[in-house]
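Peer 1: Sequence and predicted model, in that order:
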Amino acid sequence: MSTVTIKHRAPKTIPVAISSGQTASDAINISDVEFLGIETSTAFSGTALTFQVARSSGGSFVDLYSGNTQLSVTVSTAASRAYVVETTQSSFAPWAWMKVVSNSTGEAAARTLYLHAK
């Protein structure tokens with residue numbers, strides 16, 4: 001009888017900073033990860049997250065769409081929660097860099113969200 005070994009990448013947690021008064025995070029290198037979800041804190045003031053992508057860290061970041069619909073995640077401002085980002089692999093696979101964007105008018109203080117990836 002033969003033994004089957006299934007290999008998979010270990011999960012990674014990537015902190016994502018949104019500076020005080022800003023809506024977009026710093027650029028995040030996602031070229032070597034499969035993005036799976038995002039975690040918010042109770043202090044986060046936005047109610048939705050969208051994503052911007054670019055080919056390079058210094059490139060022009062553009063809003064990420066699937067067809068004619070901007071990719072977004074509705075979030076609760078009342079609790080710390082983890083959210084699965086739908087259509088993850090096919091949506092983010094072509095891009096090396098990403099920013100997470102809050103729909104708030106600007107975070108009242110610096111915020112840290114967490115991307116969960118493999």
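Peer 2: Everything's here; your move.
Peer 1: quick one: contacts for residue 114?
Peer 2: Applying Cβ atoms under 8 Å, 6 or more residues apart in numbering, we find residue 114 in contact with 13, 14, 15, 16, 38, 39. To be clear about C-beta, it is placed using only N, CA and C from the backbone, and glycine gets the same treatment.
Peer 1: Quick check: pLDDT value at it.
Peer 2: Residue 114 carries a pLDDT value of 92.
Peer 1: Over to residue 60?
Peer 2: At residue 60, pLDDT is 93.
Peer 1: how close does the spatially closest residue to it that is not a sequence neighbour get to residue 3?
Peer 2: Excluding its sequence neighbours, the residue lying closest to residue 60 (Cβ to Cβ, 6 or more residues apart in numbering) is residue 54, at 6.2 Å. Residue 54 sits at a distance of 43 Å from residue 3 (criterion: Cβ to Cβ, to the nearest Å).
Peer 1: which residues of the chain score low on pLDDT?
Peer 2: Along the chain, the parts satisfying pLDDT under 70 run over 1-2, 5-9, 77-79, 86-90.
Peer 1: can you pull out the helices in it?
Peer 2: 88-92 (DSSP state H).
Peer 1: The residue nearest to residue 60 - how many residues pack around it?
Peer 2: 16 (other Cβ atoms under 10 Å).
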